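> predicted coordinates and the sequence they were generated for:
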Amino acid sequence: MELPAHATRRLRLAALLALATAPALPAATYVYEGRLEDHGRAAEGRYDIRLTPQAAPGSKLPTSAPITFDGVPVTAGRFRLEFDMPGANDGAIEFGLAIRDAATSGTFTALPGRTKAVAAALIGACWSTTGDSGSNPAVNFLGTTDAQPLVLRTANAASLRIEPSSLSFGAPPLPITTNSIGGSHANGVTPGVRGATIAGGGTPEGNSDPGFTSEAPNIVTDSYGVVGGGVNNRAGNDVGTQSDAAFATIAGGSINTAGAFGASVGGGIGNIAEGNFDTVAGGTGNDARGLASTVTGGQFNCAGGNFSQAGGRRAKVRPGSSASPNNVCEGVPNSGDADGDEGSFVWADSQDADFVSTAPDQFMVRTSGGAVFTANSGTSGPAGNRLRVDGTLRVDTLGSAGSTTLCRNSTNQLASCSSSARYKDAITDLELGL
């Protein structure tokens, strides 16, 4: 049997039998909550439990006789004992435990080790490592009652810091929200920012993690920003007010920046979402800068126009004239107006060369292996043709007539027409004579 258990202590005064001339001794009521396992499973039923109290090292409390509890109910492995210890106010008590099945009258089985009773003024002032019962969340809690943050440490390093906002509301006035900063002790939130979350990750700046490069903390510089994890990520623009780039989000990755209002980066490395409501889903070296623009992923793509979209490799939508060059958008010519090539969609294949938009509201695709448009999931690739349409192709307007006309050949390809009968149908004999 195993019995990891924890005891908490509350103090009260109790009348004790004594000589009339002797002063009444204070008694301490201990609440002992434990967990009992029987052959590796949570015990169920009734057990006799014997506690042998002994003063902890350094205590002046005399050793007391064992205390036996008969027929203690154990449910889902848990049990609770209450007992008085006269004269125990100034001493910490350790208990040795012994157990036997209540249905037998055999000997007690001693459990290895001892459990220390932790001195506390009231139930709830000391929390059990196996869970407390009888606490009132209105008055029993872990935390602070002033404006100081709550810090949890591991290996003596701050691993979770919860900071109350300086802005209060209600009666009585309470902080409207908190900053929650987890992960590395180096992670941080700019003073005055509220509602920020850093869920984890981050490292001290410098060569702190030998397995990686570009180590640095995760930071949030604008209110309600979020960094989920990774290293060296920033939510916010770190300039201007603490609300002009609020609600920026980075899920993870490294060296990513969500630097505008409502901007987001899903992950990857070295990505920037620097326009309001911009999104970079992932990849590496991507930049979304136009209003509400999107980079779907890939490498070295630039969504520079408002409401534009880029993806693949080195797909570039030209930014507006007011945008300053930055990262992968640097070197891309601007559109000559403030909006960039707004509404344009540019997707590029794996070629290591820029593929750049030339006007607003374009749909541009670079596909060196050909393209297929089909509603049939079983249709194969272009099969040597650069463009294949599997279905009816409708062309509402053609260019002006030229010297060459188009026909469909025997393999369903568009081709220059000839006088061959294979390009004609509904042929009838000519009955007129010469």
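Looks like it came in fine.
> for burial, what's the neighbour tally of the nearest residue to residue 207 once chain neighbours are set aside?
Setting aside the residues directly before and after it, residue 207 is nearest to residue 215 in space (Cβ to Cβ, 6 or more residues apart in numbering), at 6.9 Å. From N, CA and C alone the C-beta is placed, and that goes for glycine too. Residues lying near residue 215 (other Cβ atoms under 10 Å) number 20.
> one more: the one 5 residues further on?
Other residues lying near residue 220 total 31 when counted by other Cβ under 10 Å.
> bridging residues for it?
Assessed by DSSP bridges, residue 220 has beta-bridge partners residue 189, residue 235.
> correct me, but the residue nearest to residue 207 touches residue 206?
Yes - counting by Cβ atoms under 8 Å, residue 215 touches residue 206, with 6.6 Å between them.
> and the gap between residue 54 and residue 218?
Distance, residue 54 to residue 218, by Cβ to Cβ, to the nearest Å: 49 Å.
> neighbour count: those two, which is higher?
A direct count of neighbours by other Cβ under 10 Å for residue 54 and residue 218 places residue 218 higher, at 31 against 16.
> thinking again about what came up before, contacting residues around the residue nearest to residue 207?
By Cβ atoms under 8 Å, 6 or more residues apart in numbering, the contact set of residue 215 is 203, 204, 205, 206, 207, 208, 209, 231, 232.
> quick check: closest non-adjacent residue to the third one.
Setting aside the residues directly before and after it, residue 205 is nearest to residue 216 in space (Cβ to Cβ, 6+ apart), at 4.6 Å.
> per-residue pLDDT, residue 323?
The score at residue 323 is 60. That number is its pLDDT.
> identify the residue nearest the geometric centre of the chain.
Computing the C-alpha centroid of the chain and ranking residues by Cα atoms, centre = their mean puts residue 228 first, at 4.1 Å.
> for it, report the pLDDT, please.
The model's pLDDT for residue 228 equals 98.
> please apply the same query to residue 14.
pLDDT, read off for residue 14, is 24.
> for residue 3, same thing?
Reported pLDDT for residue 3: 43.
> measure the residue lying closest to residue 374 once chain neighbours are set aside to residue 376 for me?
Residue nearest to residue 374 in three dimensions, not counting chain neighbours: residue 390, with 3.6 Å by Cβ to Cβ, 6+ apart. With distances taken as Cβ to Cβ, residue 390 is found 6 Å from residue 376.
> who has more neighbours, those two?
Legend: neighbour count by other Cβ under 10 Å for residue 390 and residue 376, higher for residue 390 (13 against 9).
> mind listing the helices in the stretch 1-150 of the chain by residue range?
With helices called from DSSP state H, counting those that start in this stretch, the stretch 1-150 of the chain shows none.
> shaky segments in it?
Scanning the stretch 1-150 of the chain for pLDDT under 70 picks out the ranges 1-29, 55-63, 86-93, 115-130, 133.
> if we use 80, what do you get?
1-35, 37-40, 53-64, 83-95, 105, 113-136, 139-140 (pLDDT under 80).
> break down it into its strands, ranges please.
With DSSP state E, counting those that start in this stretch applied, the stretch 1-150 of the chain shows strands at 5-12, 27-35, 37-38, 41-42, 45-55, 67-74, 78-86, 93-101, 109-118, 150-154, listed in chain order.
> now the residue nearest to the centre of the chain: phi and psi?
Note on residue 228: backbone dihedrals following degrees, to the nearest 10 are phi -80, psi -40.
> now do the contacts for it.
199, 200, 201, 249, 250, 251, 252.
> would you turn the residues you listed into TSV with pLDDT?
As requested, these are exported to TSV (pLDDT from 0 to 100):
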residue	pLDDT
199	98
200	97
201	97
249	98
250	98
251	98
252	97
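> tabulate the residues you listed (JSON lines), appending secondary structure and distance to residue 165.
Compiled in JSON lines, the contacts of residue 228 are given as follows (DSSP: H, G, I helix; E, B strand; the rest coil; distance: Cβ to Cβ, whole Å):
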{"residue": "199", "secondary structure": "coil", "distance to residue 165": "18"}
{"residue": "200", "secondary structure": "coil", "distance to residue 165": "21"}
{"residue": "201", "secondary structure": "coil", "distance to residue 165": "23"}
{"residue": "249", "secondary structure": "strand", "distance to residue 165": "19"}
{"residue": "250", "secondary structure": "strand", "distance to residue 165": "21"}
{"residue": "251", "secondary structure": "coil", "distance to residue 165": "24"}
{"residue": "252", "secondary structure": "coil", "distance to residue 165": "25"}
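> want to throw these into CSV with neighbour count and distance to residue 400?
Below are those laid out as CSV (neighbours: other Cβ atoms under 10 Å; distance: Cβ to Cβ, whole Å):
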residue, neighbour count, distance to residue 400
199, 17, 62
200, 17, 64
201, 22, 62
249, 20, 52
250, 30, 53
251, 20, 53
252, 20, 56
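> would JSON lines of these with distance to residue 416 be doable?
Shown next, in JSON lines, are these (distance: Cβ to Cβ, whole Å):
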{"residue": "199", "distance to residue 416": "63"}
{"residue": "200", "distance to residue 416": "65"}
{"residue": "201", "distance to residue 416": "62"}
{"residue": "249", "distance to residue 416": "55"}
{"residue": "250", "distance to residue 416": "55"}
{"residue": "251", "distance to residue 416": "54"}
{"residue": "252", "distance to residue 416": "56"}
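> in stretch 149-159, what counts as buried?
Buried residues in stretch 149-159, defined by neighbour count with 16 or more other Cβ atoms under 10 Å: 158, 159.
> what's the end-to-end length of that stretch?
Taking Cα to Cα, to the nearest Å, stretch 149-159 runs 13 Å from one end to the other.
> neighbours of residue 429, how many?
When neighbours are counted by other Cβ under 10 Å, residue 429 registers 5.
> from now on call the first residue 7
Yep, numbering from 7; the last one is residue 435 now.
> that older thread, just the ones of the contacts of residue 221 in strands?
Of the positions in the contacts of residue 221, not one sits in strands, assigned by DSSP state E.
> rebuild these as a markdown table, extending it with pLDDT.
Below are the contacts of residue 221 laid out as a markdown table (pLDDT from 0 to 100):
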| residue | pLDDT |
| --- | --- |
| 209 | 97 |
| 210 | 96 |
| 211 | 93 |
| 212 | 91 |
| 213 | 93 |
| 214 | 94 |
| 215 | 94 |
| 237 | 98 |
| 238 | 98 |
